[in-house]
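**Q** Need coordinates for the below:
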Amino acid sequence: MGGLLLLIDAAMLTAAFVLAYYARETVPIFDIPFSQPPLMMYIPTIVLHVGTIMVIFYLSRFYHMRRAISRIDHARNLLGSVTIGALIVNSLQDLFLRSVLYDAVDYPRSLFFYVWIFSAILVIAGREFHRAIRRILRLTRVERDNLLIVGAGDIAREITKRIMSSPELGYNVIGAIPVNPKSKPQPYPGVPYIGSPKELPAIIDTYKVDQVIIAIPEPQRDELVDLITLCQRGRVDIKVYPDMFAYMAGDLSVDDLGGTPLITVRDIALRGWKLSLKRGLDIIGASFGLIVLSPIMLLTAIVIKLSSPGSVFFTQERMGLDGRPFHMIKFRSMRSDAEKNGPGWTTPGDPRVTRIGAFMRKTNWDEIPQLINVFIGEMSLVGPRPERPVYVQQFREMIPRYMERHREKAGMTGWAQVNGLRGDTSIADRTSYDLWYVENWSLWLDIKIIIRTVLQTVLRRDMNAY
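**A** Below you'll find the model as predicted:
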């Protein structure tokens, strides 16, 4: 598959240059050129263009086939590499080609612009095509890697469950090896226990294992080193679940202190000037949304008023930044007496939801008035989802570090929501995702979450939305 990806990239980059050459005349964004040299004259430039960008892809490890990567992240990384490559080609054309080749042609800025645009679009499209092929091959079990799980506790079972429920990852779980057989752990359905740790070398050779995941709780250093040593056979990939840092939400990084390496396990990302940057994004996004969507919001208000008795908007006290309460605004999607028997989670087919309310909740349209909360500074476009005070009091006693999610403003959407954790889902998992967001914030992460929210809504892939 790696060879196929090389061919796809080369084909897309070549096609991009050819399309750019003709688009310069047929779709003139700039002044129409009086005449262009024949396309054949640009062959050296095309070769330079394809070769340079593919070398950058190689140096950026884009040919290292990762099993799971966000499409949005991958597209951004590709765009950055294509941009750098195109700029380098533009420089090399003048520095080398025109001095080496007597008949080398000019590489005008207008043509450069078209080449850059088409290269980015076609390379991303080609990568998506390659991803689709790999997904089909994995789902049809044509491309599979034999995987061995070392461990049999809750961690190993959770990892096995996720792998077994995601066939598109392309793993064939051949079995598990319990580290402590005396505990007689319950095996995961369909995944047998096939030996002991001492038999690892023979098991890896017999089953032609491609990858080993070591997932044991709080491993001792000597124990972990022994297991890794036993797994070092041929070209086997070895991955270790970092349980010793499982309670920490942030990514690990290594800092240098006078030559002494230190591992950073907690570093609050959203502070200082970044708060102003995030607030600026909120103001721009909320203003744009309120202006552009105001006609549809007015029409929605009329439909709600005509379809059921009661107010157009529904306000509810939620807990936001530093645990301070505020009133969150939504379009009313339930009957006016929906909570006469007390608060409760919305469930599939909930009879309290109105007909227009069911559509709004499925498409998240009932959340749009929260742009007002964002504009006045009570909420952010992206952040941990705010909960009602009655639930917060319950969760803070049940979930470790729950209140730390209130270090930042609540959001209309968030990292937990785009990963399907909304409605009646695990509060512990939701908290883990929220803490990860708080400690790993970046402007790009906010933009990515907004894009994923829009795509999930448009494509009706919003999980647990009812």
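
**Q** and the helix or strand encompassing Asp73, what does it pack onto?
**A** Using DSSP states H and E, Asp73 sits in helix 71-92. Secondary-structure packing of helix 71-92 (3 or more CB pairs under 8 Å, 6 or more residues apart in numbering; DSSP states H and E): helix 43-59, helix 109-139, helix 443-458. C-beta here means a position set from N, CA and C on the backbone, and glycine is covered the same way.

**Q** got the contact list for the most centrally placed residue in the chain?
**A** Taking CA atoms, centre = their mean as the criterion, Ser70 is the residue nearest the geometric centre of the chain, at 4.2 Å. If a contact means CB atoms under 8 Å, 6 or more residues apart in numbering, then Ser70 has Lys448 as its contacts.

**Q** The stretch 301-450 of the chain: helices as residue ranges?
**A** 355-363, 370-375, 389-398, 415-418, 427-439, 443-458 (DSSP state H, counting those that start in this stretch).

**Q** which outside residues touch the shortest one?
**A** By CB under 8 Å, 6+ apart, the list of residues contacting helix 415-418 from outside reads 382, 384-385, 422, 429-430, 433-434, 436-437, 445, 449, 452-453, 456.

**Q** any idea of the mean pLDDT for it?
**A** The average pLDDT within helix 415-418 is 89.

**Q** next one: the longest one
**A** In this model, helix 443-458 has an average pLDDT of 89.

**Q** about what we covered before: who wins for proximity to Tyr241 among the helices and strands packed on helix 71-92?
**A** helix 109-139 (22.4 Å; CB to CB).

**Q** got the buried residues for that closest one?
**A** Buried residues in helix 109-139, counted by 16 or more other CB atoms under 10 Å: 111-112, 114-120, 122-124, 126-127, 130, 134, 138.

**Q** Report all helices and strands that it contacts.
**A** helix 2-26, helix 43-59, helix 71-92.

**Q** Could you dump these into a markdown table and include distance to Arg332?
**A** Listed next are these as a markdown table, based on distance: least, CB to CB, whole Å:
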| stretch | distance to Arg332 |
| --- | --- |
| helix 2-26 | 49 |
| helix 43-59 | 51 |
| helix 71-92 | 33 |
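
**Q** now the angle between helix 43-59 and the helix holding Asp73, please.
**A** Relative orientation of helix 71-92 versus helix 43-59 (axes from the mean of the first three to the mean of the last three CA atoms, to 10 degrees): 140 degrees.

**Q** which outside residues touch helix 71-92?
**A** Residues contacting helix 71-92 (CB under 8 Å, 6+ apart): 45, 48-49, 52-53, 56-57, 60, 62, 107, 112, 115-116, 119-120, 123-124, 127-128, 131, 444, 448, 451-452.

**Q** which stretches of this structure aren't confidently modelled?
**A** 1-2, 31-34, 97-104, 181-187, 242-271, 337-349, 423-424, 461-466 (pLDDT under 70).

**Q** okay, now the domains of it?
**A** 2-139, 145-246, 273-458 (automatic domain parsing).

**Q** Output the helices and strands packed on helix 109-139 in JSON lines, with mean neighbour count appended to each entry.
**A** Listed next are those as JSON lines, based on neighbours: other CB atoms under 10 Å:
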{"stretch": "helix 2-26", "mean neighbour count": "16"}
{"stretch": "helix 43-59", "mean neighbour count": "18"}
{"stretch": "helix 71-92", "mean neighbour count": "17"}
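
**Q** Quick one: residues contacting the residue lying closest to Thr354 once chain neighbours are set aside.
**A** Spatially, and ignoring its direct neighbours in sequence, Thr354 is nearest to Ser308 (5.0 Å; CB to CB, 6 or more residues apart in numbering). Ser308 sits next to 335-336, 354, 356 when contact means CB under 8 Å, 6+ apart.

**Q** next one: Ile117
**A** Ala20 are the contacts of Ile117 under CB under 8 Å, 6+ apart.

**Q** can you do 10 Å?
**A** 16, 19-20, 23, 29, 82, 86 (CB atoms under 10 Å, 6 or more residues apart in numbering).

**Q** which of the residues you listed sit farthest apart?
**A** Maximum pairwise distance among the contacts of Ile117 (CB to CB): 18.4 Å, between Ile29 and Val82.

**Q** Asp237 reaches Tyr171, doesn't it?
**A** No. At 11.4 Å, Asp237 does not count as touching Tyr171 under the criterion of CB atoms under 10 Å.

**Q** Name the residues contacting each of the two.
**A** With CB under 10 Å, 6+ apart, Asp237 and Tyr171 have common neighbours 145, 147, 210-211, 213.

**Q** For ChimeraX, write a command that selects the buried ones of the residues you listed.
**A** Applying 16+ other CB under 10 Å to those leaves a buried subset, and the ChimeraX line that selects it is:
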select :147,210,211,213
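
**Q** picking up where we left off before, pull out the buried members of the contacts of Ser308.
**A** Buried, going by 16+ other CB under 10 Å: 335, 354, 356, out of these.

**Q** In TSV: the residues you listed, plus distance to Ile228.
**A** TSV is the format used below for the buried ones among the contacts of Ser308 (distance: CB to CB, whole Å):
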residue	distance to Ile228
Arg335	60
Thr354	58
Ile356	58
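
**Q** Nearest to Pro295, out of those: which one, please.
**A** Closest to Pro295 out of the buried ones among the contacts of Ser308 is Ile356 (17.2 Å), distances taken as CB to CB.

**Q** could you pull out the strands for the stretch 251-400 of the chain?
**A** 253-257, 260-264, 313-319, 325-331, 380-382 (DSSP state E, counting those that start in this stretch).

**Q** scratch that, the stretch 101-250 of the chain
**A** Using DSSP E, counting those that start in this stretch, strands in the stretch 101-250 of the chain cover 145-150, 171-177, 211-214, 237-240.
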